[in-house]
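In: The following comprises the amino acid sequence and a computationally predicted model.
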Amino acid sequence: MTGRLFVDTNILIYALDPADPDKRSVSADLLRQTIRNHTLTLSPQSLNESYRVLTQRRKLMPVEEARSYIRTLAPWAIAPLDAATTERAWAVQHEAGLSWWDSLMVAAALRAKCKLFVSEDMHDGAVVDGMRIANPFNADFVKLLRRAVS
């Protein structure tokens, strides 16, 4: 079995954002690859955050297009968001010093048994309870990805 990989909200947004073609390409390729390899893990939180950014904050697309995108990704939202995740997030927040919303996302990824948490916004290379945080826009990411999902 291959390792699971959690993709943060910012990557879901970059995959559609015309403002930065390089990040868009990397993000879209990452989503395609992880869907194809059945390694993608998302949370309901990341889908909800994406919807808000796409339709309200950045207004990258109309509501119906954003809903279609979120529906496409919904089958991969397998990381739990429940009371046990909140408890784990409190521990992550205390131990790792992350913001509350980042702690909640990391806790969901840990509960889904992810090996890698892909995000541009967190400390690249940090390890939380054995799960590594990695920035997909760094040069060594492809090698790291291969190790994580093999």
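Out: Yep, it's here.

In: Secondary structure element holding the residue lying closest to Trp100 once chain neighbours are set aside?
Out: Setting aside the residues directly before and after it, Trp100 is nearest to Gln93 in space (CB to CB, 6 or more residues apart in numbering), at 6.2 Å. Glycine gets a C-beta too; all of them are placed from N, C-alpha and C. Assessed by DSSP states H and E, Gln93 sits inside helix 83-96.

In: Tell me the buried residues in the helix or strand just after that helix?
Out: Where DSSP H and E defines the elements, the next helix or strand beyond helix 83-96 is helix 100-111. Buried residues in helix 100-111, defined by neighbour count with 16 or more other CB atoms under 10 Å: 102-111.

In: do the same with stretch 91-101
Out: Neighbour-count burial for stretch 91-101 flags 92-93, 96, 98 (criterion: 16+ other CB under 10 Å).

In: now do stretch 52-62
Out: By 16+ other CB under 10 Å, the buried positions in stretch 52-62 come out as 53-55, 60.

In: Run the chain-centre distance for that stretch.
Out: Computed by CA atoms, centre = their mean, to the nearest Å, the chain-centroid distance of stretch 52-62 equals 18 Å.

In: One more: stretch 129-136?
Out: 11 Å.

In: Which elements pack onto the longest helix seen in the chain?
Out: Determined from DSSP state H, the single longest helix within the chain is helix 21-36. Contacts defined by 3 or more CB pairs under 8 Å, 6 or more residues apart in numbering; DSSP states H and E place helix 21-36 against strand 4-7, helix 9-14.

In: Please identify the buried residues of the shortest one?
Out: To tie it back to what came earlier, the one meant is strand 4-7. Quick answer for strand 4-7 (16+ other CB under 10 Å): 4-7.

In: any idea of the angle the worst-scoring helix or strand of the chain on mean pLDDT forms with helix 21-36?
Out: Using mean pLDDT, DSSP states H and E, the weakest-scoring helix or strand in the chain turns out to be helix 141-148, at a mean of 79. Helix 141-148 and helix 21-36 are oriented at 10 degrees to each other (axes from the mean of the first three to the mean of the last three CA atoms, to 10 degrees).

In: Quick one: low-confidence residue ranges for this structure.
Out: Low-confidence segments of the chain (pLDDT under 70): 1-2, 149-150.
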